[in-house]
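Engineer: Pasting a predicted model and its sequence here:
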Amino acid sequence: MMNSTGDTVTTTRDVDAILIPLGTPVTIPAGAMVLITQELGGTYTVSVSGNLARVDGKDADALGLGESNNAVEAKVDEKTSVACGPVEEKAIRDVLKTCYDPEIPVNIVDLGLVYDVHVVDTDDGKNHVDIIMTLTAPGCGMGPFIVDDVRAKVLSVKHVHDVEVQLVFDPVWDRSMMSDEARLQLGMF
């Protein structure tokens, strides 16, 4: 399917959303005109009545969309995660690249928000993943939603049993932490 970014659509039903950057839950009513500004990582960022809001991919139908490239991109290994066995750090980093700040069309790894990923084999043969990350701004109301997205996606990685995400602000994030690809994509060279 085609990417819907830049399309103005009319909501087909009431849809729950999160105001950006405050993180406040809202309901966008059926019949509202919204502009899809970003379609990445299993969520949609829409502009509605002068505000940005995040709509979960499961609610794509409310935007008049079926399963889009966005939903396909967001799908990670959907088979049941088996807790015992080796965990590849690369698999974790790959799934983290499907997590996005809803205001910035670059994944959190390339933004430089992920400081550390550590897999711990526990005594009972299961795998625990510790992730240390930050946000682009300490007061970002979307932080809990980004952390939840990280946790859910990492839990979908084969053999991961538990995930702990620690949000830190030391060191403070700055643009120099972005990958060259991210800077190029955002026109910051």
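Structural biologist: Cool, the structure landed.
Engineer: Following the chain past the helix or strand of the chain with the lowest mean pLDDT, name the next helix or strand.
Structural biologist: Between all helices and strands in the chain, the lowest mean by mean pLDDT, DSSP states H and E belongs to helix 69-74, at a mean of 43. Note on helix 69-74: by DSSP states H and E, the next helix or strand toward the C-terminus is helix 89-96.
Engineer: Just list what that following helix packs against, helices and strands only.
Structural biologist: strand 114-121, strand 127-133, helix 143-155 (3 or more CB pairs under 8 Å, 6 or more residues apart in numbering; DSSP states H and E). The C-beta positions use only the backbone N, C-alpha and C, and glycine is treated the same way.
Engineer: what would the ones you listed look like in JSON lines with distance to Asn3 and mean neighbour count?
Structural biologist: As requested, the helices and strands packed on helix 89-96 are exported to JSON lines (distance: least, CB to CB, whole Å; neighbours: other CB atoms under 10 Å):
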{"stretch": "strand 114-121", "distance to Asn3": "25", "mean neighbour count": "15"}
{"stretch": "strand 127-133", "distance to Asn3": "27", "mean neighbour count": "19"}
{"stretch": "helix 143-155", "distance to Asn3": "20", "mean neighbour count": "19"}
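Engineer: Poorly predicted segments of the chain, please.
Structural biologist: 1-2, 67-84 (pLDDT under 70).
Engineer: Map the structural domains onto the sequence of it.
Structural biologist: Domain ranges of the chain: 8-74, 89-185, per automatic domain parsing.
Engineer: Tell me what Val114 is bridged to.
Structural biologist: Val114 has these beta-bridge partners by DSSP bridges: Met133.
Engineer: Sorry, wrong one. I was asking about Thr10.
Structural biologist: Met33.
Engineer: isn't it right next to Ala32, touching?
Structural biologist: Yes - the pair Thr10 / Ala32 is scored as a contact, 7.0 Å apart, by CB atoms under 8 Å.
Engineer: Looking at those two, which is more packed in?
Structural biologist: A count of neighbours by other CB atoms under 10 Å puts Ala32 above the other of Thr10 and Ala32, at 16 against 11.
Engineer: At the geometric centre of this protein, which residue sits there?
Structural biologist: With distances taken as CA atoms, centre = their mean, Cys99 lies nearest the centre of the chain, 3.0 Å away.
Engineer: on that earlier part again, Lys58 is nearest to which of the helices and strands packed on helix 89-96?
Structural biologist: helix 143-155 (12.0 Å; CB to CB).
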